[in-house]
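> The amino acid sequence is not available; the structure is as follows:
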């Protein structure tokens, strides 16, 4: 992705007489707000987006879905119990139930472990897998979208970014669900999670 950005900037520079021969700016060049006198690098903006904004949005999507299901069916002890009941009653299929559990567990890691997999999450994932309620044993996530000194897997902001990160053949980062391992999410993951909860509500309500 960095190469493509540089290529695009280079072509733009060479197409304008006043900038022919000039090197394009580095990808992580600070962006300055003249009015406020603040200067931030894209990687710093992205770090805030990834560590603070995106996890909150992901958790919010699940909360909306859970509240909508409770309004429709009445309160349940946990969302996990709700998913189990919906699958048992053939309201949702095994694939959708597993994907909902996937994003539920990701949300728990982000909210309760600060992005680090806890022992309780590892234990729950192993139990769900042994009971046939999920079909995954690792977190496959797109992570940060930009390569601006922050790392991550570059994902295009196109319809292709709606592909679930755990779909076969994707270049998403895979992390075993083992206590102590760290995960990160990005905009592509929010799109995938939102799609799952939307399917859940469409089928269940």
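Received the coordinates, thanks. Treat the numbers as computed from the prediction; the structure is a model and nothing was measured.

> so residue 166 sits right up against residue 142, yeah?
No. In this structure, residue 166 is not within contact of residue 142 by C-beta atoms under 8 Å, at 10.0 Å. Just so you know, the C-beta spots here come from the backbone N, C-alpha and C atoms, and that holds for glycine as well.

> and for the helix or strand hosting residue 80, what are the contacting residues?
Assigned by DSSP states H and E, residue 80 belongs to helix 79-88. Helix 79-88 is contacted by residues 62, 66, 69, 73, 76, 92-94, 97, 100-101, 104, 124, 128, 133, 204 when judged by C-beta atoms under 8 Å, 6 or more residues apart in numbering.

> Beyond it, next helix or strand please.
With secondary structure assigned by DSSP H and E, helix 79-88 is succeeded by helix 94-113.

> in that following helix, what counts as buried?
Across helix 94-113, burial judged by 16 or more other C-beta atoms under 10 Å covers 96-110, 113.

> With stretch 48-64 instead?
49-51, 54-55, 58-59, 61-62.

> Need those in TSV (columns: secondary structure and distance to residue 80).
Formatted as TSV, the buried residues of stretch 48-64 follow (DSSP: H, G, I helix; E, B strand; the rest coil; distance: C-beta to C-beta, whole Å):
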residue	secondary structure	distance to residue 80
49	helix	29
50	helix	26
51	helix	26
54	helix	23
55	helix	20
58	helix	17
59	helix	16
61	helix	17
62	helix	12
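
> Residue 59 and residue 109 touch, don't they?
No. If you go by C-beta under 8 Å, residue 59 and residue 109 don't touch, sitting 11.0 Å apart.

> SS state for residue 69?
State at residue 69, reduced to three classes by DSSP: H, G, I helix; E, B strand; the rest coil: helix.
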